Every structure is written in structure tokens, then in C-alpha cells.
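S.K.: What follows is a predicted structure for the sequence shown.
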Amino acid sequence: GNLTALTRLDISVNRLTGPIFTSIGALTALNTLDISSNLFNGSLPRSMGALTALNSLNFWDNPLTGSLPEWIGGLTALYSLSFSTTQLSGSIPVSIGNLTALTYLNLGHN
């Protein structure tokens, strides 16, 4: 899209449905993304791996499925990551060890 300078996107606590839009990967200036408390489903789009400026990523309370993707470890600026109360399954990727700035990690209630 045309919102390439956008640094914060908060669409939390709505009734948004469907898969997470793949075009989100074009918002490369984002440092905060909060889509919590919606009805997004499906797996996380690979395009999100391009969001390397992200400091805070909040997906809690969405019926997301699949597993935490390996590309999450490439988001090395993250200090806050929450995927609680989703339907993610599987193992935590080894790449999460690359998130050396991470001070908050919430993967509860999955």
C-alpha cells in the first residue's frame, strides 16, 4: 500500500475477520503492530517477515492456527511479543533465540 511511513498500527478490539492481510509486509516502517482481540484466523503471512523495524507485536485473542513461524526470529528489534489465547500449536522455533532485545514474551493459553 501507500502507507509506507506508518510506524504504529493498532486495530485491536474490533470484530475484524478472515486471514491477516498479506500486504501488511509492505508496511516496513512499522514499529508497533497490535491486532489483538479480533477474529483473524489462519496462519501468519510470510510477508510479515519483512517487518524488521517492529518493536512490539501483539496478536493475543485471535483464532490463529498453525505454528509460530521460523521467520519470527528475523524480527530482531522486537522487545514485546504476545501470541496468547490463540490456537497456535507446534513447537517454538529455535530462531526465537535471535530476539536478543526481547523483554516480554507471552505464549500462554494456546
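M.R.: All right, it came through fine.
S.K.: Trp71 - nearest residue in space that isn't next to it in sequence?
M.R.: Gly49 (3.6 Å; CB to CB, 6 or more residues apart in numbering). Where C-beta positions appear, they are placed from N, C-alpha and C, glycine not excepted.
S.K.: scratch that, Leu27
M.R.: Nearest non-adjacent residue to Leu27 (CB to CB, 6+ apart): Leu6, at 5.5 Å.
S.K.: On the three-state scheme, that neighbour is what?
M.R.: Put simply, Leu6 is coil when judged by DSSP: H, G, I helix; E, B strand; the rest coil.
S.K.: Which residues are in contact with it?
M.R.: With contact set as CB atoms under 8 Å, 6 or more residues apart in numbering, Leu6 has these partners: 27, 29-30.
S.K.: separation between it and Gly108?
M.R.: 29 Å (CB to CB, to the nearest Å).
S.K.: how near is the most centrally placed residue in the chain to Asn2?
M.R.: In the chain, the residue lying closest to the centroid (CA atoms, centre = their mean) is Leu57, at 4.8 Å. Note on Leu57: its distance to Asn2, by CB to CB, is 22 Å.
S.K.: Likewise for Leu64?
M.R.: 27 Å.
S.K.: So these two - more neighbours on which side?
M.R.: Between Leu64 and Asn2, counted using other CB atoms under 10 Å, Leu64 has the larger neighbour count: 23 against 6.
S.K.: who touches the residue nearest to the more buried one when sequence neighbours are not counted in this structure?
M.R.: Nearest residue to Leu64, sequence neighbours excluded (CB to CB, 6+ apart): Thr86, at 4.3 Å. Shown in contact with Thr86 (CB under 8 Å, 6+ apart): 59-64, 110.
S.K.: Please indicate which of these are buried?
M.R.: 59-62, 64 (16 or more other CB atoms under 10 Å).
S.K.: Cool, thanks, talk later.
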